[in-house]
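Peer 1: coords please:
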Amino acid sequence: MKLEGLRVVVTRPEPRNEHLAGLLRDRGAVPIVVPVIEIAELEMNDRIRDAVTGFVEHDWVLFTSANAVDVFARRLHDFYDPVLEKSGEPERIPGLFAELASRTRIGAVGEGTTSALATHGVEVYLMPPSASGVELAKALGPAAAPGLVLLPRSEAADADMVDELRANGWAPLPVALYGPRTADVPPPAAESVRSGGFDALTFASASAVRAFVELIGSPSELGLDRDGRERVVICIGPKTARAAADAGFAVTAMAEERSDGGLVKTLAEVIAPH
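Peer 2: Next up is the predicted model:
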């Protein structure tokens, strides 16, 4: 279904917001890009270095976001590229991530994460039908023997996935690679939203919800604290929807498929009767 002329606020950080904005434009919508958070990569530290050098020693490596994939790949190359250059093996550098990944097993959450891994030539062995870290942990099932699971992730990730893995007999090692930070929103975009110049608001993370309230305004100030047909609020996944509800937003719908495509599909389903 077309979303002709629908003004949709995109709160994803750069450059992730480009894909969602493109999907909205393809449907005829007008994206209003308001990147309320930015992704801050952590510098190489002992924990990240141990994760990179011990990559193949883990029985499983589970990725829950495209950001985790990309930052892990960069840190891996930060460490190994000089080693390969010095040893006279620079030809191994482009395929290094895939080469090392082939020595363990990789699990991923959602199409976005899987696509990010595919970009690096990494094959995914396990992807749950529902895109969440807990569901990925459940899909892994009980450990037949003590097994190590590496979890490259955001420093803002909660403990649910770790707890599920431990309950099933695995030994998870969560390693923070990056974290969300409040961004500097372009003033014209911010003012457009504050003045009510939009029809739909989208959230893809709890961090974006909190930053939006801090930078743009509260749900009550924007008239988003009550159900209505004038404006809709769409969230990806239950955690984001719960964070939005806790902040006072009247959440119109939740995208079960945790991807940009799933968000646009849900938005179209909500708008259709209107």
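Peer 1: Next, residue 177: secondary structure please.
Peer 2: Following DSSP: H, G, I helix; E, B strand; the rest coil, the label given to residue 177 is strand.
Peer 1: so it touches residue 154, yeah?
Peer 2: Yes. Using C-beta atoms under 8 Å, residue 177 is in contact with residue 154, at 7.4 Å. Every C-beta, even on glycine, is put in place using the N, C-alpha and C of the backbone.
Peer 1: how many other residues sit next to residue 148?
Peer 2: Here the number of neighbours of residue 148 (other C-beta atoms under 10 Å) works out to 16.
Peer 1: Could you verify that it is part of a strand?
Peer 2: Yes. Assessed by three-state DSSP, residue 148 belongs to a strand.
Peer 1: Which residue, other than its chain neighbours, is closest to it?
Peer 2: residue 58 (4.4 Å; C-beta to C-beta, 6 or more residues apart in numbering).
Peer 1: My guess is the one you found contacts residue 149. True?
Peer 2: Yes. Taking contacts as C-beta under 8 Å, residue 58 lies within contact range of residue 149: 6.3 Å.
Peer 1: Skipping adjacent residues, who's closest to the spatially most central residue of the chain in space?
Peer 2: Residue closest to the mean C-alpha point of the chain, counted by C-alpha atoms, centre = their mean, is residue 65 at 4.4 Å. In space, and not counting its chain neighbours, residue 65 is closest to residue 113: 5.8 Å by C-beta to C-beta, 6+ apart.
Peer 1: quick one on the thing from earlier: between residue 58 and residue 149, who's got more neighbours?
Peer 2: residue 149 (24 against 20).
Peer 1: measure the more buried one to residue 98 for me?
Peer 2: Counting by C-beta to C-beta, to the nearest Å, the gap between residue 149 and residue 98 amounts to 20 Å.
Peer 1: Enumerate every residue touching the residue nearest to residue 148.
Peer 2: 104, 148-150, 173 (C-beta atoms under 8 Å, 6 or more residues apart in numbering).
Peer 1: before we move on, back to that, helix/strand/coil for the residue nearest to residue 65?
Peer 2: Per three-state DSSP, residue 113 ends up helix.
Peer 1: and it, what does it touch?
Peer 2: 63-66, 68-69.
Peer 1: As JSON lines, these with secondary structure and pLDDT would be great.
Peer 2: As requested, those are exported to JSON lines (DSSP: H, G, I helix; E, B strand; the rest coil; pLDDT from 0 to 100):
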{"residue": "63", "secondary structure": "strand", "pLDDT": "97"}
{"residue": "64", "secondary structure": "coil", "pLDDT": "93"}
{"residue": "65", "secondary structure": "coil", "pLDDT": "89"}
{"residue": "66", "secondary structure": "helix", "pLDDT": "88"}
{"residue": "68", "secondary structure": "helix", "pLDDT": "95"}
{"residue": "69", "secondary structure": "helix", "pLDDT": "96"}
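Peer 1: what's the closest of those to residue 233?
Peer 2: Within the contacts of residue 113, the smallest distance to residue 233 is 22.0 Å, found for residue 65 (C-beta to C-beta).
Peer 1: Residue 114 is in contact with the closest one, correct?
Peer 2: No. Here residue 65 lies out of contact with residue 114, judged by C-beta under 8 Å, at a distance of 11.1 Å.
Peer 1: before we move on, back to that, make TSV out of the contacts of residue 58 and add distance to residue 132 and pLDDT.
Peer 2: Below are the contacts of residue 58 laid out as TSV (distance: C-beta to C-beta, whole Å; pLDDT from 0 to 100):
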residue	distance to residue 132	pLDDT
104	22	96
148	22	96
149	16	97
150	18	98
173	19	97
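Peer 1: Distance of the residue nearest to the centre of the chain relative to residue 109?
Peer 2: Relative to residue 109, and taking C-beta to C-beta, residue 65 is found at 7 Å.
Peer 1: Assumed residue 82 was part of a strand.
Peer 2: No. According to three-state DSSP, residue 82 belongs to no strand; its state is helix.
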